[in-house]
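In: Just to be clear, the model below is a prediction. Sequence and coordinates:
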Amino acid sequence: MARILSHAELLRLKRWNTPTIYNGWEQITKRDSGADAFNLEETRDFMPQMGTMVGYAVTVLIEPSNPEHPKRLPDAWSEYRRYVAGVPGPKIVVIRDLDKPRCHGSFWGEVSANIHRALGCVGTITDGAVRDVDEMCNAGFKAIARRMCVGHAWNHPIRWGCEVEVFGRAVRPGQLIHADKHGFMAIPEGEEEKLLDAAAFMDANECATFISAARAASGMTTGQILDSIDKAAVEFKKAASAKFGRRGEF
């Protein structure tokens, strides 16, 4: 089961970039592969100036090219909004677009961004398109997407509250998401609690070893620099092993 973090913990997670969160996560995860939590396809951050977003996934499936969905599901928008409203925030709307990569229309725009912001959502990850990017940013709603487009076509929720695959990564409702211009992580359930401590520790470990050694290299010979970095590598691994029982990155 996913652990719901406190507001203070979420704010502290938001202070780190997503690669730093990954560095901590790989020390605590029980997954065999270090690629088991982040996107495998390239994403595009349309609001990098907004920094990191952190929240819990609400999920929806769309197919903007298909005019039958609004006819078949006339109450879908209302029901979908009630689903979103019923999930504790902060929330990130994760959308699978069945039309990708053609992107016939955008689920997003100024209106949708403001509505979702009012319902406690902080942004979206969609493998489809976005539009009204400046207006979305003005609403305080961050967008990570495949591309921009002009129109919305027959955008209509088809299914929601289900597992979706976006950018090569399966995301389940309720998963903790950490995302920025590098991409996103969907944290496996049960691995949220130690994530913040692990990320902070690994960042401090890098600063105390590799980065410190590299910054002190002025005036050293090449041999002295290499020896210093080798020593830093030993210290880095030792600290990571003592903390997590793992070997560490280097």
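Out: Nice, thanks for sending it over.
In: Please count neighbours and contacts with C-alpha atoms only from this point.
Out: Noted.
In: Tell me how far the helix or strand Glu26 falls within lies from the chain's centre.
Out: Here Glu26, judged by DSSP states H and E, is contained in helix 18-28. In terms of Cα atoms, centre = their mean, to the nearest Å, the centre of helix 18-28 is set 12 Å apart from its chain centre.
In: what pairs with whichever helix or strand comes after that helix, and is each one parallel or antiparallel?
Out: Going down the chain from helix 18-28, the next helix or strand is strand 44-45, by DSSP H and E. On the basis of DSSP bridges, the sheet neighbours of strand 44-45 come out as strand 142-145 (antiparallel).
In: mind giving me the domain ranges of this structure?
Out: Domains of the chain are assigned by automatic domain parsing as 7-188, 196-244.
In: could those go into a markdown table alongside mean pLDDT and mean neighbour count?
Out: Formatted as a markdown table, the domains of the chain follow (pLDDT from 0 to 100; neighbours: other Cα atoms under 10 Å):
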| stretch | mean pLDDT | mean neighbour count |
| --- | --- | --- |
| domain 7-188 | 95 | 19 |
| domain 196-244 | 94 | 16 |
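In: Render the CA-only coordinates of stretch 191-210 in CSV, please.
Out: Coordinates of each C-alpha in stretch 191-210 appear next as CSV, following Å, rounded to 0.1, in the frame of the first residue of the first chain:
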residue,chain,number,x,y,z
GLU,A,191,8.7,2.7,-0.9
GLU,A,192,7.6,6.3,-0.1
GLU,A,193,8.4,6.4,3.6
LYS,A,194,12.2,6.2,3.4
LEU,A,195,12.5,8.1,0.1
LEU,A,196,13.1,11.6,1.5
ASP,A,197,15.8,10.5,3.9
ALA,A,198,17.6,8.4,1.3
ALA,A,199,17.7,11.3,-1.3
ALA,A,200,19.0,13.8,1.3
PHE,A,201,21.6,11.3,2.4
MET,A,202,22.9,10.5,-1.1
ASP,A,203,23.1,14.2,-2.0
ALA,A,204,25.1,14.9,1.2
ASN,A,205,27.3,11.9,0.5
GLU,A,206,28.1,13.2,-3.0
CYS,A,207,28.9,16.6,-1.7
ALA,A,208,31.2,15.2,1.1
THR,A,209,33.1,12.9,-1.3
PHE,A,210,33.2,13.3,-5.1
